[in-house]
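> Need a 3D model of the sequence below.
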Amino acid sequence: MNYKITQSGCHRWLGRISSSGYGEVRMLGQYVGAHRLSYLLNKGALGPEEMVLHSCDNRKCINPDHLFKGDAKANAEDMVRKKRNKPGPAILPGEDHSTAKLAENQVKTIKRSKAKGTDLAAMYGVSVSTISKIRNGHLWKHL
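Numbering: from 1, shown residues only. Predicted coordinates:
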């Protein structure tokens, strides 16, 4: 599988990401959640009503140790217990954030680089605004 182990122990999926922030894998002509595939390969089959939940709340995580089986009710209870039922995404730092496009080592390189923001944006597949916010300390503040 295509992933990177983060400081939190998450196995961050590096492949395709769905519009809802989950890793995806194309199998037999359709996309399946990378976390579901990881669960299947490491822990076993899922019933038609069963979901794969994340103890880490990182939608890109495929670490089988962070995945557990549940249903819609268990998922809703987990969301309320962890106070994720408020509007907006759960905010995780750095590359564990569900919308992160960069890894920590890339951000550190961007911060040290003397290259033009436009060149860095093209190199890393992000906007010039993102490069500027990283350099000015508005994004990735913890680094």
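
> ok, for Ala34, nearest residue in space, not its chain neighbours?
Gly23 (3.2 Å; CB to CB, 6 or more residues apart in numbering). In short, each C-beta sits where N, CA and C put it, glycine included.

> separation between the one you found and Cys61?
In this view, Gly23 and Cys61 are 8 Å apart by CB to CB, to the nearest Å.

> ok, now Val128?
For Val128, the distance to Cys61 - CB to CB - is 29 Å.

> Spit out the residues that contact Gly23 and Cys61 alike.
With contacts defined as CB atoms under 8 Å, 6 or more residues apart in numbering, the residues shared by Gly23 and Cys61 are Trp13, His35.

> Output the contacting helices and strands for the helix or strand of the chain with the lowest mean pLDDT.
Within the chain, no helix or strand scores below helix 72-81, which has a mean of 86 by mean pLDDT, DSSP states H and E. Using 3 or more CB pairs under 8 Å, 6 or more residues apart in numbering; DSSP states H and E, the elements in contact with helix 72-81 are strand 51-54.

> Sheet-wise, list the partners of the next helix or strand after the strand it packs on with their directions.
Downstream of strand 51-54, the first helix or strand assigned by DSSP states H and E is strand 67-70. Strand 67-70 has the following sheet partners, assigned by DSSP bridges: strand 51-54 (antiparallel).
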